[in-house]
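1. Okay, here's the prediction I keep looking at, along with the sequence it came from:
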Amino acid sequence: MASLDSVLHDVAGTPGVTAVALLDGVTGLAYAEHGAEGDTPSAQDAQVTAHLATTHLNAAGAVGELESIVVTTATQHHVTTVVERQGGDPLLLFALVDRDRTNITWVLRDLAERTGRLLA
């Protein structure tokens with residue numbers, strides 16, 4: 001089994017990704033972080049955003065359907081992906097992506113492929 005640090009290091013190798021973090025989906029606690037100094041605090045906001053989106057989706061009748069959220073700023077994409085796990089609350093994989101260095105579609109595809117290795 002790969003360590004969380006090595007898996008996050010691998011995810012951070014995705015072109016344009018400057019920081020990644022694995023968070024508890026309920027509390028926002030960071031289990032592991034990798035990336036540019038000062039960039040991972042944005043990950044804490046990801047849990048709040050995911051909670052708000054889930055709450056509103058559930059109110060609209062779409063229970064358990066949140067897969068990912070992309071928040072775009074002038075210079076970055078903040079990508080949050082839900083990582084489901086058996087017998088526990090979901091995890092959130094957060095990635096901070098430089099808009100000038102990557103295509104968001106490729107990042108989403110790459111993150112989806114790598115997410116499965118987090119719990120393997």
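-> All right, it came through fine.

2. rest of the way, CA atoms for contacts and neighbours
-> OK.

3. Contacts for stretch 52-65, please.
-> residue 66 (CA atoms under 8 Å, 6 or more residues apart in numbering).

4. average model confidence for the helix ranked longest in the chain?
-> Longest helix of the chain, by residue count under DSSP state H: helix 42-59. In this model, helix 42-59 has an average pLDDT of 83.

5. Doesn't residue 95 lie inside a strand?
-> Yes. Membership of residue 95 in a strand is supported by DSSP: H, G, I helix; E, B strand; the rest coil.

6. Give me the helices and strands touching the lowest-mean-pLDDT helix or strand in the chain, please.
-> Across the helices and strands of the chain, mean pLDDT, DSSP states H and E gives its lowest value to helix 4-12, namely a mean of 79. When contacts are defined as 3 or more CA pairs under 8 Å, 6 or more residues apart in numbering; DSSP states H and E, helix 4-12 packs onto strand 17-24, strand 30-35.

7. Deepest in the core, which of these is it.
-> For these, average neighbour numbers computed from mean count of other CA atoms under 10 Å are highest in strand 17-24, which has a mean of 25.

8. okay, stretch 16-23 in CSV with CA atoms only?
-> Output in CSV follows, covering the C-alpha atoms of stretch 16-23 (Å, rounded to 0.1, in the frame of the first residue of the first chain):
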residue,chain,number,x,y,z
GLY,A,16,-0.3,22.6,-13.5
VAL,A,17,-1.1,21.3,-10.1
THR,A,18,0.7,23.4,-7.5
ALA,A,19,-0.7,21.9,-4.3
VAL,A,20,-2.9,19.0,-3.1
ALA,A,21,-4.5,18.0,0.1
LEU,A,22,-6.5,15.1,1.4
LEU,A,23,-9.2,16.2,3.8
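
9. Give me the mean pLDDT for that stretch.
-> In this model, stretch 16-23 has a mean pLDDT of 88.

10. Residues touching it, excluding its own?
-> Contacts of stretch 16-23 with the rest of the structure, by CA under 8 Å, 6+ apart, involve 8, 11-12, 29-36, 39-40, 43-44, 47, 91-102, 107.
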